[in-house]
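Chemist: Need coordinates for the following:
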Amino acid sequence: MSNIRSKLVQGDIHQALRICEDIDIQDMGDYVVCDNVFDDPDGALEYLAQFPADNADELKRLMYLNNDTKPEFKTPNGITQLLPNQYFDVWFQDLYKILIEAEFVPHQVNEYLKDKMYMSSISRSGLVVGNLNHDNMTIHKRAQWPSPVIDFDYSCNVFLGDDIDPENGISFYDFIFQDQRFKNVEDLTKIEDRETAATIKDYLNVFVTVQADLEPYTPYEDTKYYDKVRFVEAQKNRMVIYKGGKWITHDYTGKEDSERYVLNTNIIIPQRDEGGQQQGGPGPQGQMLGQQQMPDSDSNLEQLPPQQWDSDYD
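Modeler: Predicted coordinates:
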């Protein structure tokens, strides 16, 4: 007689992801650094590690070994766990409170904290993934280059695990075109000259967007297309929050036997109209990890639809 019940893992997510009372929230202007995020970071990682991951990372490795280097799909770097939003409802609410304290969200929205329907809606429009970068990864061409988060207001990234290399942090970049500097995607939408906008769109598509071609992972090296302006070191139980539209890299040195695990939560803050009705929602298709999302060749630069990862997650 089978005993399915014994095979099911039951855990207390609220206990596992309980926020530390001594969390240190540092507003750095364009981004926020939070140290001492979880009360028990080892327990948080142990809980998260129970969720299954897809096999795209292994599939890319096998395809490359068999000289099949031009797949018809694109997926994020490393091993990815797509986590169920419903389980993380309280986590989303905790992030909302942190955003208020960091003044990323106006303080007048404090009144929404008492609205259970509003608070619950935050998780429904978000995206939660666990991501592990490891040595000897196979990735898509330019998949480690700077890219913006398009479909979300904020991206929240918590470093978990032991022996974390400080160099495996997060870097911020400005996009450079000729003599012009663009700090975020919104700057591109403000270009009034259509010829210039079309030129930049083609420039992005040809030189910096992710291609499906497979290749061994190597860390991103400086190019003329981006200027690195900030770097935040990786640290156990540290969270880095940044606004959507910023060009960033999830840095990973690729050293032998090294790993980089991040709990990545992308979040949209629902808006309300003058009548108190909720507005807004997620973009056409949410992006895992907020990586490598640039306008594709058929898109209109003014609308800036993201280049999608081809996967079954949407």
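Chemist: Extract the residue ranges of this structure that are flagged as low pLDDT.
Modeler: Regions of the chain meeting the criterion pLDDT under 70 cover residues 1-2, 107-110, 272-314.
Chemist: ok, which stretches of it are helices?
Modeler: Along the chain, the stretches classed as helices by DSSP state H are 13-16, 41-48, 56-65, 89-101, 116-124, 185-189, 194-207.
Chemist: so of those, which one's packed in deepest?
Modeler: helix 89-101 (a mean of 19; mean count of other C-beta atoms under 10 Å). To be clear about C-beta, it is placed using only N, CA and C from the backbone, and glycine gets the same treatment.
Chemist: which residues touch that one?
Modeler: 13-14, 17, 19, 23, 25, 32, 34, 85, 105-107, 109-110, 113, 119-120, 122-123, 126, 128, 154, 156, 241, 265, 267, 269 (C-beta atoms under 8 Å, 6 or more residues apart in numbering).
Chemist: quick one: it to helix 116-124, angle?
Modeler: Inter-element angle recorded for helix 89-101 and helix 116-124: 100 degrees (by axes from the mean of the first three to the mean of the last three C-alpha atoms, to 10 degrees).
Chemist: just so I know, which of the helices of the chain lies nearest Gly161?
Modeler: helix 41-48 (6.1 Å; C-beta to C-beta).
Chemist: relative to helix 89-101, how tilted is that closest one?
Modeler: Using the same axes, to 10 degrees: helix 41-48 against helix 89-101 is 130 degrees.
Chemist: Quick check: which helices or strands does helix 41-48 pack against?
Modeler: helix 13-16, strand 154-160, strand 259-267 (3 or more C-beta pairs under 8 Å, 6 or more residues apart in numbering; DSSP states H and E).
Chemist: and if we set it to 10 Å?
Modeler: helix 13-16, strand 127-134, strand 154-160, strand 259-267 (3 or more C-beta pairs under 10 Å, 6 or more residues apart in numbering; DSSP states H and E).
Chemist: Pick the most buried one from those.
Modeler: strand 154-160 (a mean of 24).
Chemist: Could you spell out the sheet neighbours of that one, each with its direction?
Modeler: Next to strand 154-160 in the sheet, as set by DSSP bridges, lie strand 239-243 (antiparallel), strand 259-267 (antiparallel).
Chemist: For Gly126, which non-adjacent residue is spatially closest?
Modeler: Nearest non-adjacent residue to Gly126, counting by C-beta to C-beta, 6 or more residues apart in numbering: Ile267, 4.7 Å away.
Chemist: who's in contact with the one you found?
Modeler: The neighbourhood of Ile267, defined by C-beta atoms under 10 Å, 6 or more residues apart in numbering, consists of 92, 95-96, 99, 122-123, 125-128, 152-156, 241, 244, 282.
Chemist: rewinding a little: any chance of the helices of the chain in a markdown table, plus distance to Asp213?
Modeler: Shown next, in a markdown table, are the helices of the chain (distance: least, C-beta to C-beta, whole Å):
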| stretch | distance to Asp213 |
| --- | --- |
| helix 13-16 | 39 |
| helix 41-48 | 31 |
| helix 56-65 | 10 |
| helix 89-101 | 36 |
| helix 116-124 | 36 |
| helix 185-189 | 25 |
| helix 194-207 | 14 |
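Chemist: count of neighbours near Lys255?
Modeler: Using other C-beta atoms under 10 Å, Lys255 has 12 neighbouring residues.
Chemist: For the nearest residue to it once chain neighbours are set aside, the count of nearby residues, please.
Modeler: Nearest non-adjacent residue to Lys255, counting by C-beta to C-beta, 6+ apart: Asp135, 6.7 Å away. If you count neighbours by other C-beta under 10 Å, Asp135 ends up with 13.
Chemist: wouldn't Asp135 be in contact with Asn168 here?
Modeler: No - using C-beta atoms under 10 Å, Asp135 is not in contact with Asn168; the gap is 11.8 Å.
Chemist: intersection of neighbour lists for these two?
Modeler: Taking C-beta under 10 Å, 6+ apart as the criterion, Asp135 and Asn168 both touch 252-255, 258-259.
Chemist: quick check, nearest of those residues to Arg230?
Modeler: Nearest member of these to Arg230, counting by C-beta to C-beta, is Tyr252, at 17.4 Å.
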